[in-house]
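In: Could you look at this predicted model? Sequence included:
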Amino acid sequence: SGGHMSYDKGIIYDEHPEWQSMNYTSEGIRPITEIDGKYNGMLNPALPEVQEYQMNIIREVVKKYPGLEGIVLDRMRYDGITSDFSQESKKMFEEYAGVEVDNFPQDILYWEEDDEGNPQWKPGPHFKKWVEWRSMIIHDFAKRVRQEIKEIDPDVVYGDYTGAWYPTYYEVGVNWASKQYDPSKDYDWANSAYQQTGYAGYLDLYMGGLYFEEVTIEEVRQLNQDNVSGRNEPGMTQERADWYSVEGCADLANKVLKDAAPFMGSLYVEQYRGDAEQFKKAVRMANKKTDGLMIFDAVHLIDYNWWQEMEEALNQANE
């Protein structure tokens, strides 16, 4: 992330507008700062200058604060499936894939109207290789971060947060799975080489967002389609798959992680506003299915005065 678009603040405004993500919308390729409805001014993570900028921040923190226990990264990803379609990314992809993309960006993905006239993106002939390349960009950066942190201080714990909804998280260019897991056997968007972009093995700690109002698989199955709500995180859809629940998503995350890193189930407290019992149920489930618990975030516990509910749920989970 390189800026807050609600306030026109950040490095993409002050110093490096050329670093911002170029997104391929149904209206063409546009800088992210010119796209309505976004607040997070995402960078193009493939750019060497962007990676070095981020590494300088990480190095500075580890060097200046001896005794630091750990670093957890967030938003180590692309803005979405429509980014980044800059000419720099085109050249890097062509070099990686050994191809020339004559019809760019349509040979990667293109836009088509559905039956109701709404624009929908569709995969082009180079789509799977493009998905692999973007995930390799993030893989290589994740590996580099570990190496450089440990060279400075081998005792610093290295962690990462992502959404745990794996079947669609490829849309943001991230494969947080173990290299021992082969997604191409389960998903049509993955080629056989995509497996090698998994980076869980470089982490000392993985925090996966189980950001769902429904806690159990059965709750999702009982939903009417009209009742599907609260799914506005990157990559989420409106389908009623089992993994759109705390239970189902945790099960799936354990499957793809294969114990490559400790898995901290993460809950978004705001999703349980006004329903303390459902929150407690989510805490118990996440604690049961994963290696620990991350709460996003403490301000909601304060606002709702749910500290006692939190304690009760943790005690019940450990009984």
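Out: Great, that's in hand.
In: all contacts plus neighbour counts: C-alpha atoms, from now on.
Out: OK.
In: Give me the residues contacting stretch 92-100.
Out: With Cα atoms under 8 Å, 6 or more residues apart in numbering as the test, stretch 92-100 has contacts from V101, K129, W130, W133.
In: Just give me the closest of the residues you listed to I35.
Out: W130 (22.8 Å; Cα to Cα).
In: For the closest one, grab the count of nearby residues.
Out: Counted by other Cα atoms under 10 Å, the residues lying close to W130 total 21.
In: The helix or strand containing it packs against which elements?
Out: For W130, the host element (DSSP states H and E) is helix 127-152. Using 3 or more Cα pairs under 8 Å, 6 or more residues apart in numbering; DSSP states H and E, the elements in contact with helix 127-152 are helix 48-64, helix 87-97.
In: in the shortest one, what's buried?
Out: It stands for helix 87-97. In terms of neighbour count (16 or more other Cα atoms under 10 Å), helix 87-97 has its buried residues at S89, K90, F93.
In: Give me the secondary structure label for T168.
Out: Here T168 takes the helix state, with states given by DSSP: H, G, I helix; E, B strand; the rest coil.
In: Quickly note the distance from the residue lying closest to it once chain neighbours are set aside to Y166.
Out: Counting by Cα to Cα, 6 or more residues apart in numbering, T168 lies nearest to G235, which is 5.2 Å off, once chain neighbours are set aside. Counting by Cα to Cα, to the nearest Å, the gap from G235 to Y166 is 9 Å.
In: before we move on, what about I302?
Out: 31 Å.
In: More neighbours: those two, which one.
Out: Using other Cα under 10 Å as the criterion, I302 and Y166 rank with Y166 on top: 22 against 10.
In: got the contact list for that one?
Out: Residues near Y166 by Cα under 8 Å, 6+ apart: N175, L252, A253.
In: Double-check the last one against A164; I have them as touching.
Out: Okay, so that is A253. Yes - using Cα atoms under 8 Å, A253 makes contact with A164 at a distance of 6.4 Å.
In: shared neighbours of these two, anything?
Out: Joint contacts of A253 and A164 (Cα under 8 Å, 6+ apart) are G208.
In: Could I get the pLDDT score of R77?
Out: With respect to pLDDT, R77 has a value of 97.
In: whoops, P66 was the one
Out: P66 carries a pLDDT value of 89.
In: separation between it and N56?
Out: Applying Cα to Cα, the value for P66 to N56 is 16 Å.
In: Show the backbone phi and psi for the spatially closest residue to N287 that is not a sequence neighbour.
Out: Among residues not flanking N287 along the chain, L293 sits closest, at 6.0 Å (Cα to Cα, 6+ apart). Dihedral angles phi and psi of L293 (degrees, to the nearest 10) take the values phi -140, psi 130.
In: Just the strands from the stretch 151-300 of the chain, written as ranges.
Out: Ranges of strands in the stretch 151-300 of the chain, per DSSP state E, counting those that start in this stretch, are 157-163, 205-209, 263-268, 292-296.
In: what angle do the second one and strand 157-163 make?
Out: Taking axes from the mean of the first three to the mean of the last three Cα atoms, to 10 degrees, one finds that strand 205-209 is oriented at 20 degrees with respect to strand 157-163.
In: now the angle from strand 205-209 to strand 263-268?
Out: Compare the direction of strand 205-209 with that of strand 263-268 by the same axes, to 10 degrees and you get 30 degrees.
In: can you check the last one too?
Out: Here strand 292-296 points in a direction 30 degrees away from that of strand 263-268 (the same axes, to 10 degrees).
In: Tell me the strands beside strand 292-296, with direction?
Out: Using DSSP bridges, the strands paired with strand 292-296 are strand 263-268 (parallel).
In: what about the strand it pairs with, distance to the chain center?
Out: Chain-centre distance of strand 263-268: 13 Å, with Cα atoms, centre = their mean, to the nearest Å.
In: CA atoms only for it, dumped as PDB, please.
Out: What follows is strand 263-268, C-alpha atoms only, in PDB (Å, rounded to 0.1, in the frame of the first residue of the first chain):
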ATOM      1  CA  PHE A 263      -1.700 -21.000  11.600                       C
ATOM      2  CA  MET A 264      -3.300 -18.200  13.700                       C
ATOM      3  CA  GLY A 265      -7.000 -18.000  12.900                       C
ATOM      4  CA  SER A 266      -8.100 -14.400  12.600                       C
ATOM      5  CA  LEU A 267     -11.500 -13.000  13.300                       C
ATOM      6  CA  TYR A 268     -13.000  -9.600  12.300                       C
END
